[in-house]
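> Just need the structure, nothing else, for what follows:
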Amino acid sequence: MLKEEIKMARNKLGLSQQGLGNLLGVTGKHARSKVNDWESGKTEPNKTAQLILQYILSLYDVDNDPFLEFLKELKE
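Numbering: from 1, shown residues only. From the prediction side, this is the model:
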């Protein structure tokens, strides 16, 4: 997964790096730095996180997707 795709998925959800990390199961203070590492290309997310991010990106032109709306609601 490309680092640009990770940032695009995060922006699509309107999340901070901390928020995306938490959503993908990275807990605590390490969530922001872990996502920053992904976005800078230092490391890659695990396979489960990659699948979720790829799904989010696949919805780029889809309006009112129920799963995407659910993910957006989680940040509130």
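> Show the secondary-structure elements that the helix or strand of the chain with the lowest mean pLDDT is packed against.
Counting by mean pLDDT, DSSP states H and E, the chain has its least confident helix or strand at helix 66-74, which shows a mean of 74. Helix 66-74 sits against helix 3-13, helix 47-58, with contacts defined as 3 or more CB pairs under 8 Å, 6 or more residues apart in numbering; DSSP states H and E. Backbone N, C-alpha and C define where each C-beta goes, glycine included.
> And Leu74, how far from Phe67?
11 Å (CB to CB, to the nearest Å).
> wait, I meant Tyr55
Separation of Tyr55 from Phe67 (CB to CB): 7 Å.
> ok, those two, which is more surrounded?
Neighbour totals were compared for Tyr55 and Phe67, and Tyr55 leads with 14 against 11 (other CB atoms under 10 Å).
> can you tell me which residues contact the more buried one?
By CB atoms under 8 Å, 6 or more residues apart in numbering, the contact list for Tyr55 reads Phe67.
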